[in-house]
Each structure stands twice: as structure tokens, then as C-alpha cells.
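Asks: Okay, here's the prediction I keep looking at, along with the sequence it came from:
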Amino acid sequence: MSDPRKPYVRPMTGWWRKNPFFVRYMARELTALVVAAYAFILLAGMLCLAKGEAAFNAWGAVLRHPVSVALHVAALAAMLYHTWSWFDIMPKTMPPIVMGGKRVGPRIITGAGLAAAALATLVLFFAVWSLAS
């Protein structure tokens, strides 16, 4: 007597590497972990600031080490990719925008989001710069 049920087939490992969509998705999710890790670096700086000037200066010295600078450059690249990929999926996840009787294209939506992020970054940068000087 044979069993009519199908046997369980274990899903193959690395299935997400076969489709470029899933590779980009996993890269975006990985960069979110980099963003979270950097938030902990900033939190450590705030805790050092609360402990006093010596602790904060020691934290700053650690950040000036060449290995730390290289990690910051890598984190910046990951955050730039994360920002771009976030705004790249925005037109796919939001309801259609109609202006002047025409639907706004996905490139315009992505570009507007990136422009808004760049503008907010510049405003924040110059605000901090003016407070520091």
C-alpha cells in the first residue's frame, strides 16, 4: 500500500540568493542592522558625555583611530544604500499620486524622497556646524 501524501521536502538553503529581488531585500535588511549598530555607537558617546569630559575625549580618541574611521566610511556607504533602497521601494508601497490628471512616475517619487533626505541632512549639518563654532 502506497501513501498518497507527498513527503516533506526541506527548502533549500540560500534560496534568496537565486533571485536578485531577494538579494537586494536582504542587503537592505542587513544595512538596517548597520544603522542600528551606529545608533549604539552614538549612545555610547552620549553615555561618555554624561560621565565627564575625560570619558568623552577618550571616546572621541577611539573614533579617530584609522580602523574606526574605516568602519565609519563603510557604515556611511551602508547607510547611503539603505537610504536609496528605502526611497526606491517607496513608489511601490504607497497609493498612486495623481497631479494634473497624470499619475506621478516612480522616478519622480524616489527622486523627491532622496532630495528631501538630502535637504534635511544639509539643514541638520549646518545647524550642528553653527552650534559647534
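Replies: All right, it came through fine. Numbers count the residues shown, from 1 in each chain.
Asks: so what's the spatially most central residue of the chain closest to, chain neighbours aside?
Replies: Ranked by distance to the mean C-alpha position of the chain (CA atoms, centre = their mean), the top residue is residue 82 at 3.2 Å. Taking CB to CB, 6 or more residues apart in numbering as the measure, residue 82 lies nearest to residue 31, with 3.8 Å between them; neighbours along the chain are not counted. For the C-beta atoms, the positions are set from N, CA and C on the backbone; glycine is no exception.
Asks: Contacts only, for the one you found.
Replies: Contacts were defined as CB atoms under 8 Å, 6 or more residues apart in numbering; by that measure residue 31 touches 78, 79, 81, 82, 85.
Asks: Likewise for residue 78?
Replies: 30, 31, 34, 35.
Asks: in which helix or strand would I find the second one?
Replies: In other words, residue 31. Taking DSSP states H and E as the definition, residue 31 sits inside helix 20-51.
Asks: after that helix comes which helix or strand?
Replies: Beyond helix 20-51 on the C-terminal side, the first helix or strand identified by DSSP H and E is helix 53-63.
Asks: Just the angle for that next one relative to helix 20-51, thanks.
Replies: Note on geometry: by axes from the mean of the first three to the mean of the last three CA atoms, to 10 degrees, helix 53-63 and helix 20-51 are set 150 degrees apart in direction.
Asks: which parts of the helix or strand following helix 53-63 are buried?
Replies: For helix 53-63, the following helix or strand on the C-terminal side (DSSP H and E) is helix 66-93. When burial is assessed from 16 or more other CB atoms under 10 Å, helix 66-93 yields the following buried residues: 71, 75, 78, 81, 82, 83, 85, 86, 87, 88, 91.
Asks: Save these as JSON lines, and put in pLDDT and distance to residue 52 too.
Replies: As requested, those are arranged in JSON lines below (pLDDT from 0 to 100; distance: CB to CB, whole Å):
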{"residue": "71", "pLDDT": "93", "distance to residue 52": "25"}
{"residue": "75", "pLDDT": "94", "distance to residue 52": "27"}
{"residue": "78", "pLDDT": "94", "distance to residue 52": "32"}
{"residue": "81", "pLDDT": "94", "distance to residue 52": "37"}
{"residue": "82", "pLDDT": "92", "distance to residue 52": "34"}
{"residue": "83", "pLDDT": "93", "distance to residue 52": "35"}
{"residue": "85", "pLDDT": "93", "distance to residue 52": "40"}
{"residue": "86", "pLDDT": "91", "distance to residue 52": "37"}
{"residue": "87", "pLDDT": "94", "distance to residue 52": "40"}
{"residue": "88", "pLDDT": "93", "distance to residue 52": "44"}
{"residue": "91", "pLDDT": "93", "distance to residue 52": "48"}
